[in-house]
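> Okay, predicted coordinates and the sequence, questions at the end:
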Amino acid sequence: MPPNDETDLTALSPEQRDALDALLATLSPGQSLLVARWVLARFDAAALAEDRLERASGLTAPSPQGLTVLYGSHSGHSAGIARQLATAARQRGWAVKLADMADYSRGTLRRERNLAVIVSTHGEGDPPESAAAFFEFLRGTRAPKLEGCEFAVLALGDKSYVKFCKAGADLDVDLERRGGKRLLARVDLDVDYQDGANVWVDAALKAFEPRMVAAPGTVAEAAQPRKARFSRDTPWSAELLHRVDLSGRGSTQHFIHLELSLDGSGLKYHPGDALGMRPENDPTLVAQLAEALGQSEQTEVDALGSCCSLAEALTRRLEIQKVSPSALRRYAGLGAKALDRILDDPEATTKYLDGRDWLDVLREHPAKIEVNQFVSLLPELASRSYSIASSQLEHADEVHLLVSRVHFTAHGRGRQGVASSYLSDRLRLGESARVWIEPNTQFRLPEDSNQPIVLIGAGTGVAPYRAFLEERAAAGQSGKNWVIFGNRQFQADFTYQTDWLRWRKDGVLTRMDVAFSRDQAQKIYVTDRMREQGRELYAWLEQGARLYLCGDRTRLAADVDRTLVEVVMTHGNQSHDEAVTYVEKLRSEKRYSKDVY
């Protein structure tokens, strides 16, 4: 029979592992693929035999078992709720398995009986990058039947996006389609999720309790108060120490480098992690909204269950620059009847909301409503996260960020990004931002300091790579480092140029290839550099290099994936299917990591 935990390599003796490593080292990628398929076939046959034995013995009826808590997370919110549920279940004495979808052994899915899933939606309806492979597996032909499995899904999302919580909704349907039984109706939560998450955790514990067994050798323990720490709900006030404009003359972008103090916080981070923060809205926009409502900024209102001034609510607590279709519909119901003809057509609604904020709505479709009615329409101001651009080995009590200031014109008014303009324009030296660390365990330097790394990024996607090289330089790591970086203009947008040149001179940066798209008539991108250096890139991969990608999900990630397959086909002499499998193998071996947004 297959082992209880296929990921536990300690079940092999050191001699067996050494022999296996020696065998794999002699195989070509194609031969390795054949071996992998053979092992999977043997595993599937064993699992099938186990299922037949259970049926023959009359053991197919689900019996009480432990709880598996599975999560897919990008910014750490889903992971945090999963840990909350797992901790509470263990305190009850249950046998609990907590797993990230990125690390979950899919072969065990057929034997799950109690499954709690927490997953966020990323971008326009996509699962987090780390969970994408699990979603593809569940929809594929190799996914098992889930008869006997009862599940509950918690979905996180952002109502300002049209496809709110779509990843969680898709997963909920897929689990049922595979034969699972829904124990709880799916719950969808917006950016102000914590209270709803607490309610869902309590409901899940109650629902799963009749099916639970105690963990071997344990007894239920009394719940202990959670140790206070800095998080989204209890952020650290980080003083702004330094700010530098990195964009040169003529830049069509605006890149800012910021340095914030963590002195006294005890916060620790790794290169690859992100800094979560609570931004503040533009006070000018807040004053205009108050005027449009016919109210003083000092008017007392009830915002998210507590009283404060209208200025405080609109500046620090509530989202005022994004209008969701559901909120617009509620506003129309309060007196703005002219909006009904727009709301009757989903396409017209989407077109109307594109680029508009609440000031536009109030001015274009005024309604006589109470100020608290308006405030009740607004969701909590969403937190933001930025890839950390520093190493604590180099900057023990600081955290550095690279921010691109967003500014544009829409519907006759100048607009700006909430967080980027706050950090770039309004947060003054000596003032503090509310921050916390958001770990990203899927985007870390290799444990082997000798392993080569290839870092592909564009725009602000280069931020974590500055942290990577700072860490490797400070730790004296000897692994080769290759950066492939893209931006618009060499003179204006070569972000952190002095750092790259210093590391190149010191031998820390083995090689760097750059692509500045607008310095010539024909645009050049990082994918062009990948093709040009394809032979060398494939050689690094064959030598065991780990590949990283950071940047825009829609415009960069898909192009890099396609180009990588092309490189493997051309320089590995492989068919398209073989090259796709090669790239998938890189992901499964954690040798291809993405941080895309």
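Arrived safely.
> Show me the shaky parts of the chain.
Applying pLDDT under 70 to the predicted model, the residue ranges of the chain that meet it are 1-64, 215-228.
> List the residues that contact the spatially most central residue of it.
The residue at the geometric middle of the chain, judged as the C-alpha nearest the mean C-alpha position with C-alpha atoms, centre = their mean, is His74 (1.7 Å). Under the criterion of C-beta atoms under 8 Å, 6 or more residues apart in numbering, the contact partners of His74 comprise Ser120, His122, Pro128, Glu129, Ser130. In short, each C-beta sits where N, CA and C put it, glycine included.
> likewise Ala338?
Shown here is Ala338, whose contacts under the criterion C-beta under 8 Å, 6+ apart are His365.
> Same question for Glu542.
Taking C-beta under 8 Å, 6+ apart as the definition of contact, the neighbours of Glu542 are Gly572.
> Please tell me how far it sits from Leu586.
Shown here: Glu542 relative to Leu586, a distance of 11 Å by C-beta to C-beta, to the nearest Å.
> which one of the contacts of His74 is nearest Gly157?
Distance ranking of these against Gly157, using C-beta to C-beta, places Ser120 first at 6.9 Å.
> Nearest residue to that closest one in space, ignoring adjacent ones along the chain?
Nearest residue to Ser120, sequence neighbours excluded (C-beta to C-beta, 6 or more residues apart in numbering): Leu156, at 4.1 Å.
> ok, that neighbour - how many residues close by?
Around Leu156 sit 30 other residues, with neighbours defined as other C-beta atoms under 10 Å.
> Just to check, it is in contact with Thr121?
Yes. The pair Leu156 and Thr121 passes the contact test of C-beta atoms under 8 Å, sitting 6.9 Å apart.
> which residues are common contacts for the two?
Overlap between the neighbourhoods of Leu156 and Thr121 consists of Cys165, Gly168, taking contacts as C-beta under 8 Å, 6+ apart.
> mind checking the longest strand of the chain?
strand 236-245 (DSSP state E).
> Dump it to CSV, keeping only the CA atoms.
What follows is strand 236-245, C-alpha atoms only, in CSV (Å, rounded to 0.1, in the frame of the first residue of the first chain):
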residue,chain,number,x,y,z
TRP,A,236,3.6,48.5,13.8
SER,A,237,4.1,52.2,13.4
ALA,A,238,7.2,52.4,11.2
GLU,A,239,8.9,55.8,10.9
LEU,A,240,10.0,56.9,7.5
LEU,A,241,13.7,57.4,7.6
HIS,A,242,14.6,58.1,4.0
ARG,A,243,13.0,58.6,0.6
VAL,A,244,14.8,58.8,-2.8
ASP,A,245,13.3,59.5,-6.2
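> Now do the contacts for Val483.
Leu455, Gly457, Val462, Tyr465, Leu469, Trp500, Leu509, Arg511, Met512, Asp513.
> Can you turn the buried part of these into a ChimeraX selection?
For anyone working in ChimeraX, the buried entries among these, judged by 16 or more other C-beta atoms under 10 Å, can be selected with:
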select :455,457,462,465,469,500,509,512,513
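> Now intersect the contacts of Val483 with the strands, please.
For the contacts of Val483, membership in strands holds for Leu455, Gly457, Arg511, Met512, Asp513, with DSSP E as the criterion.
> which ones are touching the fourth one?
By that I understand Met512. Met512 makes contacts with Trp482, Val483, Ile484, Phe485, Trp500, Arg504, as judged by C-beta under 8 Å, 6+ apart.
> got it, and the second one?
Neighbouring residues of Gly457 by C-beta under 8 Å, 6+ apart: Pro464, Tyr465, Val483, Ile484, Phe485, Gly486, Val526, Tyr548, Leu549, Cys550, Gly551.
> Tell me how far it lies from Arg591.
In this view, Gly457 and Arg591 are 17 Å apart by C-beta to C-beta.
> Next: Ser324.
Per C-beta to C-beta, Ser324 is found 39 Å from Arg591.
> tell me the domain boundaries of the protein?
Following automatic domain parsing, one finds the domains of the chain at 1-57, 62-227, 236-272+383-438, 283-376, 453-596.
> Those: which one's closest to Arg444?
Evaluated with C-beta to C-beta, those place domain 236-272+383-438 nearest to Arg444, the distance being 4.6 Å.
> Out of the ones in strands among the contacts of Val483, which two are the most distant from each other?
When C-beta to C-beta is used, the two most widely separated members of these are Gly457 and Arg511, lying 14.9 Å apart.
> follow-up on the earlier one: need the contacts of His74 in a markdown table (columns: secondary structure and neighbour count).
Written out in a markdown table, the entries for these read as follows (DSSP: H, G, I helix; E, B strand; the rest coil; neighbours: other C-beta atoms under 10 Å):
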| residue | secondary structure | neighbour count |
| --- | --- | --- |
| Ser120 | strand | 28 |
| His122 | strand | 26 |
| Pro128 | coil | 28 |
| Glu129 | helix | 23 |
| Ser130 | helix | 25 |
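> Closest to Thr570 out of the residues you listed?
Proximity of the contacts of His74 to Thr570, judged by C-beta to C-beta, is greatest for Glu129, which lies at 25.7 Å.
> What sits closest to the closest one if chain neighbours are left out?
Taking C-beta to C-beta, 6+ apart as the measure, Glu129 lies nearest to Lys594, with 4.7 Å between them; neighbours along the chain are not counted.
> Can you classify that neighbour as helix, strand or coil?
Reducing the assignment to helix, strand or coil with DSSP: H, G, I helix; E, B strand; the rest coil, the entry for Lys594 is strand.
> Next, please give the residue ranges for the helices of the stretch 301-450 of the chain.
With helices called from DSSP state H, counting those that start in this stretch, the stretch 301-450 of the chain shows them at 310-312, 325-333, 340-343, 346-353, 358-364, 371-376, 418-421.
> To Arg555, which of those helices lies closest?
When these are ranked by proximity to Arg555 (C-beta to C-beta), helix 418-421 comes first, at 18.2 Å.
> tell me what that closest one is packed against?
Applying 3 or more C-beta pairs under 8 Å, 6 or more residues apart in numbering; DSSP states H and E, one finds that helix 418-421 contacts strand 398-404.
> from the chain's centre, how far out does the strand it packs on sit?
On the basis of C-alpha atoms, centre = their mean, to the nearest Å, strand 398-404 is displaced by 18 Å from the centre of the chain it belongs to.
> likewise stretch 536-551?
The chain centroid and the centroid of stretch 536-551 are separated by 22 Å, computed with C-alpha atoms, centre = their mean.
> what do you get for stretch 151-159?
Taking C-alpha atoms, centre = their mean, one finds the center of stretch 151-159 at 14 Å from the center of the full chain.
> and if you look at stretch 274-284?
Worked out by C-alpha atoms, centre = their mean, stretch 274-284 lies 19 Å from the chain centre.
> Kindly report the same for stretch 485-494.
Relative to the mean C-alpha coordinate of its chain, stretch 485-494 is positioned 26 Å out (C-alpha atoms, centre = their mean).
> and that stretch, which residues are buried?
Of the residues in stretch 485-494, those buried (16+ other C-beta under 10 Å) are Phe485, Gly486, Asn487, Arg488, Gln489, Ala492, Asp493, Phe494.
> so which helix or strand takes in Leu205?
Secondary structure from DSSP states H and E places Leu205 in helix 194-208.
> Residues in contact with that helix: which ones?
Around helix 194-208, the neighbours that count as contacts under C-beta under 8 Å, 6+ apart are 67, 81, 84-85, 88-89, 92, 114, 116, 150, 152, 154, 183-184, 187, 189, 232-233.
> Assign Thr68 to helix, strand or coil.
With three-state DSSP as the basis, the three-state label of Thr68 is strand.
> before we move on, the earlier item: from what I see, the residue nearest to Glu129 and Ala131 are in contact.
No. The pair formed by Lys594 and Ala131 falls short of the contact definition of C-beta under 8 Å, at 11.6 Å.
> mind checking how far the residue nearest to Asn114 when sequence neighbours are not counted is from Arg591?
Nearest non-adjacent residue to Asn114, counting by C-beta to C-beta, 6+ apart: Leu67, 4.9 Å away. In this view, Leu67 and Arg591 are 32 Å apart by C-beta to C-beta.
> higher neighbour count, these two?
Leu67 (26 against 19).
> what's across from the more buried one in the sheet?
Using DSSP bridges, the bridge partners assigned to Leu67 are Val96.
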